[in-house]
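>>> Quick check, what structure comes out for this input:
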Amino acid sequence: MLTLKDIDDYQNRLTEEQKKLLLRHCNTYDIKPEICAWYDDWNDFCSDWCDDIGYTKTEAREFLRDSQFITFEDGSIVRLVV
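Below you'll find the predicted structure:
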């Protein structure tokens, strides 16, 4: 079982509540809590995945269903190393 000390938040942005949600998500999907990308919100996510990479918004929304992503209540999104 993963704990708070296992979290690798390279930007030190996670709140205590987000850390708890991240650990629950990672323990559920057996993923290390190692963040490789931060997105401020859906628009920021689309800027990267749609504008820069070329996916449609529908395809980008499908990516968010993958366990490597977690969306927090404030709308921010993190991508985990898998």
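
>>> Next, please give the residue ranges for the helices of the protein.
16-29, 42-46, 57-63 (DSSP state H).

>>> so which of the ones you listed is the most packed in?
helix 42-46 (a mean of 16; mean count of other C-beta atoms under 10 Å). Using the backbone N, CA and C atoms, a C-beta is placed for each residue, glycine as well.

>>> just how off-centre is that helix within its chain?
12 Å (C-alpha atoms, centre = their mean, to the nearest Å).

>>> What of stretch 65-77?
Taking C-alpha atoms, centre = their mean, the mean C-alpha location of stretch 65-77 is offset from the chain mean by 5 Å.

>>> buried stuff in that stretch?
69-70, 76-77 (16 or more other C-beta atoms under 10 Å).

>>> Among those residues, name the ones in strands.
Using DSSP state E, 69-70, 77 are the members of the buried residues of stretch 65-77 that sit in strands.

>>> I'd like to know which of these is nearest to K19.
Nearest to K19, judged by C-beta to C-beta, of those is I70 at 11.4 Å.

>>> pretty sure the closest one contacts L21?
Yes: between I70 and L21 there is a contact at 7.0 Å, judged by C-beta atoms under 8 Å.

>>> wait, what's in contact with the residue nearest to I7 when sequence neighbours are not counted?
Excluding the flanking residues, the one nearest I7 by C-beta to C-beta, 6 or more residues apart in numbering is P33, at 4.4 Å. Each residue near P33 by C-beta atoms under 8 Å, 6 or more residues apart in numbering is listed here: 2, 6-8, 22-23, 26, 80.

>>> And the residues you listed, which is closest to A37?
For the contacts of P33, the nearest to A37 is L80 (8.8 Å; C-beta to C-beta).

>>> Chain neighbours aside, what residue packs nearest to that closest one?
Using C-beta to C-beta, 6+ apart, the closest residue to L80 is Q68 (5.0 Å).
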